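Trainee: Need a 3D model of the following:
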Amino acid sequence: MVKLLVSANKEDGVLQRTYFEFSRRNIEMRSLKYEEEGGMVRIEIEPYRWEDTEKVLKHLRRISGVVDVSVVNDLVREEERAW
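Mentor: You can find the predicted model right below:
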């Protein structure tokens, strides 16, 4: 399972612009989580198809207020825990 983690400054519209980038490319989301902590927000997105992550990755990085976008593969994390 692949997830995108978006870290951004707490600005109006960051969540909406993030969602827009997915909908504009017809990329379906399995889950979307949003957390606020201090002056930062963290958005965790799980697309249905991992192939879709590359399509939207560069566009998410261009959103005003976005500090970092990273791809997390849960299968790799589980293997690391097994060691």
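
Trainee: I'd guessed R17 sits against R62; true?
Mentor: No: contact criterion Cβ atoms under 8 Å: R17 and R62 do not qualify, at 9.5 Å. Placement of C-beta: from N, CA and C, glycine included.

Trainee: So which residues of this protein form strands?
Mentor: Assigned strands in the chain, in chain order: 2-9, 29-37, 40-47, 66-73 (criterion: DSSP state E).

Trainee: tell me the angle the first one makes with strand 29-37.
Mentor: Yep, that's strand 2-9 we're talking about. Orientation of strand 2-9 against strand 29-37 (axes from the mean of the first three to the mean of the last three Cα atoms, to 10 degrees) gives an angle of 30 degrees.

Trainee: Determine the set of other helices and strands touching strand 2-9.
Mentor: Strand 2-9 is packed against strand 40-47, helix 52-61, strand 66-73, with contacts defined by 3 or more Cβ pairs under 8 Å, 6 or more residues apart in numbering; DSSP states H and E.

Trainee: buried sites along it?
Mentor: When burial is assessed from 16 or more other Cβ atoms under 10 Å, strand 2-9 yields the following buried residues: 2-4, 6, 8.

Trainee: same check, this time on the last one
Mentor: Judged by neighbour count using 16+ other Cβ under 10 Å, the buried positions of strand 66-73 are 66, 69.

Trainee: No further queries at this time; thank you.
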